[in-house]
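Q: Generate coordinates for the sequence data below:
(2 chains)
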Amino acid sequence: MIEFREVSVRYPRRDVEALSAVSLTAARGALTAVVGPNGSGKSTLVRALVGRVPVAGGAILVNGTPVDESGRRSLATRVAVVVQREEPAFPLQVREYVALGRYPHLGLFRAPSRGDRAAVDDALARMAAAHLADRSISELSGGEWQRVRLARAVAQGADAIVLDEPTTFLDIAHEMGVFELMSRLAREGRAVLLVSHQLNLVARFADHIVLLHRGHVAACGAPADVMQGAVLERVYEWPLVITRDPAVGALALVPLRSPARD
Amino acid sequence: MRLSRWLLLVAVLLLATVLGVAYGTLHLSLVDVLHGVTGTGSATEVAVVRQLRLPRVLLAALVGAGLGASGAALQGATRNGLAEPYLLGVSGGAAVGAVIAVALHAPVAVVPLCGLAGALAAVALSLVVARASGGQGDARVVLMAGVVVGAFANAAIMVALAGVDANAVRGALWWMMGSAADASWVQVRALAACVAIGVALLLGLARAIDLLALGEDAAAGMGVNVARVTLAVYVAGALLAAGTVAAAGLVGFVGLLVPHLARMAGARTHRSIIGAAALGGGALVVLADLAARVAHPPAELPLGAVTAILGVPFFLARLRKLT
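A: This next block holds a predicted model:
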C-alpha cells in the first residue's frame, strides 16, 4: 500500500508549492489513478516518492514505512516505478533490460541466481513479451516498449507499482492493452498507482480516482464521485459534459468545442 | 558479449603486445623476444626487451586500458556517447601542472607528478563548482563545470608558456601530446596498481551505470542513489584518467573511441562494455605506440597525434551512419 499523508513539495526558486498537503492512498488489489491538468503536480508525486525532489512537509509511506526511513534499494523491493520519460542511451536486449529490475535484490555485486532469472522469465510471460526477449529495445514499437517496461517493473518483485503516463503516444489497441495489464496487476493483489491524462479510460478501469489541481486534491473517490462535470470543468478550465458511454455503460467525458466557435 | 569475442579481444591484445616488443628501430624475431623476456638472449636483446620495449608496451597497454574503462563508465553515467575521460578538466589541469613544472625548470621526473597533481586539482575544482551550482548529481552541470575548469586551464597554460623559452615550450608540448617513450618499471607498477583499483571500482559500479544510462529518474525508481553513484563514477573515472596522464601525458580519443568499438563488438551491459573497453583500449594504444615508433624513423610521432589520426576516420564513419 502507498500512502501520501499531507505531502508538500516546493521546487527551488519557485514561489508556489508544486504539491500542497496532498493525501491519497493506493490500496492493495486496487487500481488508483491520479489525474489532472498539465502542471497539477501528478509527476511531482512520483518524483517525491523516489526521492528525486525533497518533501517539504508530510510523509510518504509504503506498506506503513516512511520512504525516507528506507534505503533506496529496500524501497525499490517494495515499490516499482515506471517513470514518464525513459530513453535508454545505449541499446540492450529486452531480456537484459527486464533483468535490470532485479537490481534492488542484487545490488552491485551479487550475481543473478536461478530465482532472479526465473523472475525475469515470469515477468516477460505475464506481460505477453516473452517473444520479444532476444530483440533489441531500440527495435521495439511504442506498445511493445511499454509492455517491456511493465515487465521490468513486475520483475522488480514489488507488491506496489507506480506508472507515470504509460500510454502516452500509444494507439487505441496498445493503450487498451496497457490498461488491461495494469488492471490485471491490481487484480493479482498489487497496489497500482497510475498517473494518466486518459480520463475516459481511467473512469472505466480505476477503482479510485484522485483529481489534482494546482498541487491540491480537488476531488477523490470512486469514478462516479470524481467524474462530475462541474468539478472537471473548473479544474480543466474548459467546457465539457459527462455522459454515459452507450456501449459499455462507463462514465465518459466529452469536451465541447470552444464556445466562441459553437 | 559472446565468449568467442572475449577470446578474440585477449588474443588481439597479446598479439599487439608481442608486435610492440618485437618491432622498433631494432627488429626482433619472436624467438629473440622470447630469449629477451627469459634473459637467455644476447645482452642487447635482453636490454632492449626488458629495459626498453617491455615496460613501454605494458605502460601503453595500461594507459589504453585505463582510458578505455574510464570512457566507457563516463559515457554510461552521463548517457552521452561523446563523454570521455578528460571531461572533468583532467587534460587541462594535467597540462597546467606539467607546464608549470617545465617553466620552473623542474627535473624531468617531477613533470608527470606535477601533471597528476594538476589533474586531481582540476577534478576537485570541477566537482566543487558543480556542487556550488547545486548540481553535483546532475550530469549536465558536472559536464559544464568540467568545461569551465578546462577552459580556465587552457588560459593558464597560455599565460605560463608566454614567459618561458622555446625549448621549455617544446618539452611541455611534447608531454601534452602524449608519449610512452620514457616508460620505466616503476611507472608500470604504479600505473598497474592505479588501473587495477580504478577498473575494479568501475566494474563494481557497472550494474548501477546500466540503470543510470536509462535516465536518472528511472535509476532512482530501481533503487539507485543517483547522486552518490554518479559522483563515485566521476571520481573513479577521473582518477583513472589522471593516473594515465601522469604516466604518458595526454593521449586523446582513446577513451572516446574504444567504448564505441566495445559496443560494436557486442558488449551491451556496462560490465561487458567496461571490460571490453579496457582490453580494446590496451591493444589500441600499444598499436598506436608501435605506429608512432615505426612510421617515421628515427623520429617518433606523438602518441596522442597517432590515436587522434586513428580516431577521426572512425568518428566520420559513425557520423555518416547516423545521418
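Q: How far does stretch B:47-67 sit from its chain's centre?
A: Centroid separation between stretch B:47-67 and its chain, computed with C-alpha atoms, centre = their mean, to the nearest Å, is 14 Å.
Q: Mind listing what's buried along that stretch?
A: For stretch B:47-67, the neighbour count (16 or more other C-beta atoms under 10 Å in any protein chain shown) marks B:48-50, B:52-67 as buried. Where you see a C-beta, it was placed from the backbone N, CA and C, and this is true even at glycine.
Q: next one: stretch B:110-130
A: Buried residues in stretch B:110-130 (16+ other C-beta under 10 Å): B:111-112, B:114-127, B:129-130.
Q: just stretch A:239-249 next, same as before
A: A:Ile242.
Q: quick check: mean pLDDT across it?
A: Stretch A:239-249 carries an average pLDDT of 89.
Q: which residue packs closest to B:Val111, ignoring adjacent ones?
A: If the residues on either side of it in the chain are set aside, B:Val111 comes closest to B:Ala101, at 4.6 Å by C-beta to C-beta, 6 or more residues apart in numbering or on different chains.
Q: Pull the number of nearby residues for A:Glu180.
A: Using other C-beta atoms under 10 Å in any protein chain shown, A:Glu180 has 12 other residues around it.
Q: quick one: it and chain B, what's the gap?
A: With distances taken as C-beta to the nearest C-beta, to the nearest Å, A:Glu180 is found 23 Å from chain B.
Q: which non-adjacent residue is nearest B:Ala98?
A: B:Gly115 (4.2 Å).
Q: what's the pLDDT at the one you found?
A: We have a pLDDT of 82 for B:Gly115.
Q: In three-state terms, how would B:His296 be classified?
A: Here B:His296 is recorded as coil under DSSP: H, G, I helix; E, B strand; the rest coil.
Q: Phi and psi next, for it.
A: phi -140, psi 60 (degrees, to the nearest 10).
Q: next one: B:Leu82
A: Dihedral angles for B:Leu82 - degrees, to the nearest 10 - are phi -100, psi 0.
Q: now do B:Gly215
A: Dihedral pair for B:Gly215: phi 120, psi 150, per degrees, to the nearest 10.
Q: what ranges do the helices span in chain A?
A: In chain A, the helices defined using DSSP state H lie at A:42-49, A:72-78, A:94-99, A:103-106, A:114-126, A:142-155, A:172-187, A:199-205, A:223-226, A:229-236.
Q: Okay, angle between the fifth one and helix A:142-155 too, please.
A: With axes from the mean of the first three to the mean of the last three C-alpha atoms, to 10 degrees applied, the angle from helix A:114-126 to helix A:142-155 works out at 140 degrees.
Q: Only alpha carbons, please: show helix A:114-126 as PDB.
A: The C-alpha coordinates for helix A:114-126 follow below in PDB (Å, rounded to 0.1, in the frame of the first residue of the first chain):
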ATOM      1  CA  ARG A 114      18.300 -19.100 -10.800                       C
ATOM      2  CA  GLY A 115      15.400 -17.300  -8.900                       C
ATOM      3  CA  ASP A 116      16.300 -14.000 -10.500                       C
ATOM      4  CA  ARG A 117      16.400 -15.400 -14.000                       C
ATOM      5  CA  ALA A 118      13.000 -17.100 -13.300                       C
ATOM      6  CA  ALA A 119      11.600 -13.800 -12.100                       C
ATOM      7  CA  VAL A 120      12.600 -12.200 -15.400                       C
ATOM      8  CA  ASP A 121      11.100 -15.000 -17.500                       C
ATOM      9  CA  ASP A 122       7.900 -14.900 -15.500                       C
ATOM     10  CA  ALA A 123       7.600 -11.100 -15.900                       C
ATOM     11  CA  LEU A 124       8.100 -11.400 -19.600                       C
ATOM     12  CA  ALA A 125       5.500 -14.100 -19.900                       C
ATOM     13  CA  ARG A 126       3.000 -12.200 -17.700                       C
END
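Q: is any part of that helix close to chain B?
A: No. Against chain B, helix A:114-126 shows no contacts by C-beta under 8 Å from any C-beta of the partner chain, the least distance being 12.1 Å.
Q: center of the chain - which residue?
A: Because you didn't say which chain, this covers chain A. A:Leu163 (2.0 Å; C-alpha atoms, centre = their mean).
Q: my question was about chain B
A: The residue lying closest to the centre of chain B (C-alpha atoms, centre = their mean) is B:Leu67, at 2.9 Å.
Q: in what helix or strand does B:Leu67 lie?
A: Taking DSSP states H and E as the definition, B:Leu67 sits inside helix B:54-78.
Q: That helix vs chain A: in contact?
A: Yes. Interface with chain A: helix B:54-78 contributes B:75-76 (C-beta under 8 Å from any C-beta).
Q: Could you list every helix and strand in contact with that helix?
A: When contacts are defined as 3 or more C-beta pairs under 8 Å, 6 or more residues apart in numbering or on different chains; DSSP states H and E, helix B:54-78 sits against helix B:3-22, helix B:139-162, helix B:185-212, helix B:226-248, helix B:254-264, helix B:270-294.
Q: Now do the buried residues in the helix or strand following the second one.
A: Looking back up the chat, that one is helix B:139-162. Counting by DSSP H and E, the next helix or strand C-terminal to helix B:139-162 is helix B:166-176. Residues of helix B:166-176 classed as buried: B:168-169, B:171-176 (neighbour count, 16+ other C-beta under 10 Å).
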